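# Pasting the sequence and the predicted model now:
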Amino acid sequence: MAGEKVVQRGYRITGRVQGVFFRVWTRDTASSLGLQGTVRNLSDGSVEAHFKGPTRVVEEMTMRLKEGPPASRVDEVEETESGDPIEGDTFEILF
């Protein structure tokens, strides 16, 4: 929607979120919503995601993160620093 505020937010997701296609699901879901950003596994077993887009769409993605893909179990979705400015118009999995 024209004139809608664009925000950038970061999240750390804990639970059974590695080895269950969480990153692929996050990329596909975020892309379908038109968000930009990144997702990656962290060494502690959690997943880190950064999103950029209209406020209401980022909030929708946040709600979806709390559910995750079918094989996952999400214990917590914690908002974190949003990191460096997200450039470009895609959503990528980082390795």
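That came through fine.
# Buried residues of the biggest helix by length in the chain, list them for me.
Longest helix in the chain by number of residues (criterion: DSSP state H): helix 55-67. Residues of helix 55-67 classed as buried: 57-58, 61, 64-65 (neighbour count, 16 or more other C-beta atoms under 10 Å). Any C-beta I mention is one placed from the backbone N, CA and C, and that applies to glycine too.
# same question, stretch 21-33
Within stretch 21-33, the residues that qualify as buried by neighbour count (16+ other C-beta under 10 Å) are 21-23, 25-27, 29-30, 33.
# Out of those, list just those in helices.
For the buried residues of stretch 21-33, membership in helices holds for 22-23, 25-27, 29-30, with DSSP H as the criterion.
# Now flag whichever of the residues you listed is closest to Pro70.
Taking C-beta to C-beta as the measure, Pro70 lies nearest Trp25 of those, at 8.8 Å.
# Tell me if I'm right that that closest one and Leu65 touch.
No: using C-beta atoms under 8 Å, Trp25 is not in contact with Leu65; the gap is 9.7 Å.
# quick revisit: now, which of the buried residues of helix 55-67 sits nearest Ser72?
Proximity of those to Ser72 (C-beta to C-beta) peaks at Leu65, which lies at 9.9 Å.
# Leaving aside the residues adjacent along the chain, what's closest to that closest one?
Spatially, and ignoring its direct neighbours in sequence, Leu65 is nearest to Val77 (4.9 Å; C-beta to C-beta, 6 or more residues apart in numbering).
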